[in-house]
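*Asks:* The sequence and its predicted three-dimensional model are supplied below.
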Amino acid sequence: MSKTKRFIFHSIFMGVASLGVNLSISAPMYAHGTEQEHEREQALHTFLDYGLIVSLVMITIGVILWVWNRNNISKLTKAEKKQKLAVLHKKNKRYVTTIVVASVLFVGMGIVSMINTSSGSEEVTLTHIHGLGYANKGEGIYVAAHDGIKVYEDNKWSSLNNDEPHDYMGFTAVDDGFYSSGHPALTSSMKNPFGVMKVTDQGSTLEPLSLYGEIDFHLMGVGYVSHAIYVDNPAPNAKMSDTGLYYSVDNASTWTKSDSEGLPGEVTFIAAHPTQEHVVVVATDQGAFYSGNYGQQFEPLVDDVPVTSVAFDSNGDLYAALYNDTKELLKINTQTKENVQMNIPQIDADDAIAYIAVHPENEQEMTFATFKKHIYVTQNNGEAWDAIF
């Protein structure tokens, strides 16, 4: 095999192998927005972007060499043609092969890239779900996807107006927009990662609040009205000297570390009380735990069973999704600890509730999304559910 062909086939093999590895890496089951998941997504986009550039360069080089070789052939004398024509024709075949293979790669990766980032008012795709909520006092159900915010309103899906396809992580809806962390769209000039960001005006205003360009918070809870912010900090940074639970009550200007006494296990979700800034509930793989003093001390609301998601309603009652054999959804009075099991659709054995949201002005309406991207909504406090995705 010629050096040119070996190079072409080696490039194809490495590209396919890299894509296969990126797609096969599995994140821990039922973890919200893990680093592995984000690295896999970023690797796919990086592969596609560089693949398109490399294949375009190969096409350009192939065309230049092919034209140059054709010109050399046309300048040969009859005597020279007898000696060099066969060799030059072989070179032409190599250059043409390079152009064809690179063109196929270019078109193929272009198609994959368009499919991976497709969205619109008529058809919405959800590669991943990174959050769920009723922003702006209930104007539609907001779903934080890998490529921006998708909105369900008036029985139809659309992409949020003016919103770039950012990868929002730690998404939490509030009364005037939403808070989020995450990563900018590939075409954006914004810093990566977001730190803590507030988004208003239907996605058109993005205000970096804290640690912009420094860290990504996958687990964040914000009070719907109070805007008190709680995060699970994954690494020391400029404003947080340690890992663990931190909170801010001044729009992320300053942060305080919570002692988190009585909080066992690995954190899976954070829900901040809608109006009382000092109240927070943290879900872990060992239960759901309530704190009335900014996370300094916790007491169990659900014990000895993994809880995948928690959410407050406007009255301060809590909804908790249990990862047990029956995949229960409980409504809990945080003061008395009394709970009621909600009626919910049957969930697959290998699935669970990932996100819960309650309408801020109508507690009869709530929605939840599963890890396998099934989304349900009820208008009558769980008596009946409609699948909307």
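*Replies:* Done, it's in. Residues are numbered from 1 along each chain as shown.
*Asks:* For the rest of this, base every contact and every neighbour count on C-alpha atoms.
*Replies:* Will do.
*Asks:* Tell me the pLDDT of the residue most central in space within the chain.
*Replies:* Taking CA atoms, centre = their mean, the centroid of the chain lies closest to His146, which sits 3.9 Å from it. We have a pLDDT of 85 for His146.
*Asks:* can you check the one 10 residues further on too?
*Replies:* Lys156 is assigned a predicted lDDT (pLDDT) of 94.
*Asks:* Check the one 10 residues further on too.
*Replies:* Predicted confidence (pLDDT) for His166: 93.
*Asks:* How about Ser74?
*Replies:* 73.
*Asks:* what's around it, how many residues?
*Replies:* Residues lying near Ser74 (other CA atoms under 10 Å) number 9.
*Asks:* Name the SS class of it, please.
*Replies:* Under DSSP: H, G, I helix; E, B strand; the rest coil, Ser74 falls in the helix class.
*Asks:* one step back: I'd say the residue nearest to the centre of the chain and Phe171 touch.
*Replies:* No: counting by CA atoms under 8 Å, His146 sits too far from Phe171 to count as a contact (11.4 Å).
*Asks:* Common neighbours of these two, please.
*Replies:* His130 (CA atoms under 8 Å, 6 or more residues apart in numbering).
*Asks:* and Asn71, what does it touch?
*Replies:* Neighbours of Asn71 in contact, by CA under 8 Å, 6+ apart: none.
*Asks:* doesn't it fall inside a helix?
*Replies:* Yes: under three-state DSSP, Asn71 sits within a helix.
*Asks:* Which helix or which strand is home to the residue lying closest to Ala387 once chain neighbours are set aside?
*Replies:* Nearest residue to Ala387 in three dimensions, chain neighbours excluded: Tyr376, at 4.4 Å (CA to CA, 6 or more residues apart in numbering). Assigned by DSSP states H and E, Tyr376 falls within strand 375-378.
*Asks:* neighbouring contacts of that strand?
*Replies:* So strand 375-378 is contacted by Gln364, Glu365, Met366, Thr367, Phe368, Ala369, Ala384, Trp385, Asp386, Ala387, Ile388, Phe389 (CA under 8 Å, 6+ apart).
*Asks:* what about Asp348, how many residues close to it?
*Replies:* As a burial measure, Asp348 scores 11 neighbours (other CA under 10 Å).
*Asks:* I meant to write Leu322 there.
*Replies:* Neighbourhood size, Leu322 [other CA under 10 Å]: 24.
*Asks:* do the same with the one 10 residues further on
*Replies:* Ile332 is flanked by 20 other residues according to other CA under 10 Å.
*Asks:* Next one: it, what pLDDT does it get?
*Replies:* 98.
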